[in-house]
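> Turn this into a structure:
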Amino acid sequence: MKVIRVLSKCIADLVELYIPCATFCIMFLAFITQIISRYAFNSPLSWAFEVTTFGFVWTVLFSALYAKRTRSHVKFSIIYDMLSTKTKLWVRLCGNLLIVFTFVIAVYPSWDFIMFMGYKKSTILNIPYSILYFPFIIFLVGMIIRFSIDIVEDIKKIKN
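This is a model prediction of the structure:
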């Protein structure tokens, strides 16, 4: 059991920390290269826009998983904060169930569409869109796992 936890932590860190850091660095370097090329040499680079765009997509999707894990995402909780502890628990449980239900329903159509987009390639770098948008599937599955963990914790709290 300990080996599984360590392995899952390593995989989570890879997906949620190291890949977004790498994609952000690549995106930032392409962005700086584009600025230098455009304004210093008066010769814009077309590939830099694609790298920046796709790097942004990968960075946001993978980083959102980390934000969920650390519970550091933005919350609008004005009404939620006014509720009693027990009511908060039930509202959180219902909300998490709704999110998991919605994401589970979205997995197959998203997979189907991303695989369908494999025939189409990016204009400059000729990278298949199925590769570029595959992180969305990882995002969905990761969020389903994270919210399911929250659901289990809330059910344990309700039983106690």
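> show me the contacts for the residue positioned nearest the centre of the chain.
In the chain, the centroid-proximal residue (CA atoms, centre = their mean) is L61; its distance is 2.5 Å. Contact partners of L61, counting by CB atoms under 8 Å, 6 or more residues apart in numbering, are P135, F136, I138, F139. C-beta coordinates here come from the backbone N, C-alpha and C atoms, glycine included.
> Identify the residues contacting the second one.
Taking CB under 8 Å, 6+ apart as the contact definition, F136 lies against L61, S110, I114.
> Include secondary structure, pLDDT and distance to Y66 when you put the contacts of L61 into a markdown table, please.
A markdown table is the format used below for these (DSSP: H, G, I helix; E, B strand; the rest coil; pLDDT from 0 to 100; distance: CB to CB, whole Å):
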| residue | secondary structure | pLDDT | distance to Y66 |
| --- | --- | --- | --- |
| P135 | helix | 92 | 13 |
| F136 | helix | 94 | 16 |
| I138 | helix | 93 | 12 |
| F139 | helix | 94 | 11 |
